[in-house]
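Novice: 3D model of this:
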Amino acid sequence: MSIESTARPEQQTVSLPYAGRVLGIGKSTAYELAARGEFPVRVLQLGRKKLVSRSELEAFLAGEPRSV
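Specialist: Numbering: from 1, shown residues only. A predicted model of the protein is given here:
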């Protein structure tokens, strides 16, 4: 699943469940990993919504080192 094919170009973040699907994990697992601070990329919390930076997700998928 390509991030480019489903996310709008101007969209800078994707939902946590969507990021999980891109990584091949389910929604519940994505939320569990995020709650434990173990999701492979930084999770942004906006109110009750959890988002992932599209550029960080793409960098992780490309095998680039995680920036802190």
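
Novice: Could you count how many residues lie near Arg36?
Specialist: By other Cβ atoms under 10 Å, 8 other residues sit near Arg36. Heads up, the C-betas are built off the backbone N, CA and C, glycines and all.

Novice: Make residue 1 into 277 and carry on from there
Specialist: Will do, 277 is the new start, and the previous item becomes Arg312.

Novice: From Val290, how far out is it?
Specialist: 20 Å (Cβ to Cβ, to the nearest Å).

Novice: now Ala311
Specialist: From Ala311 to Val290 the distance is 18 Å (Cβ to Cβ).

Novice: Which strand residues bridge Ser291?
Specialist: Leu327 (DSSP bridges).

Novice: and the end-to-end length of stretch 322-340?
Specialist: Across stretch 322-340, the terminal residues are separated by 26 Å (Cα to Cα, to the nearest Å).
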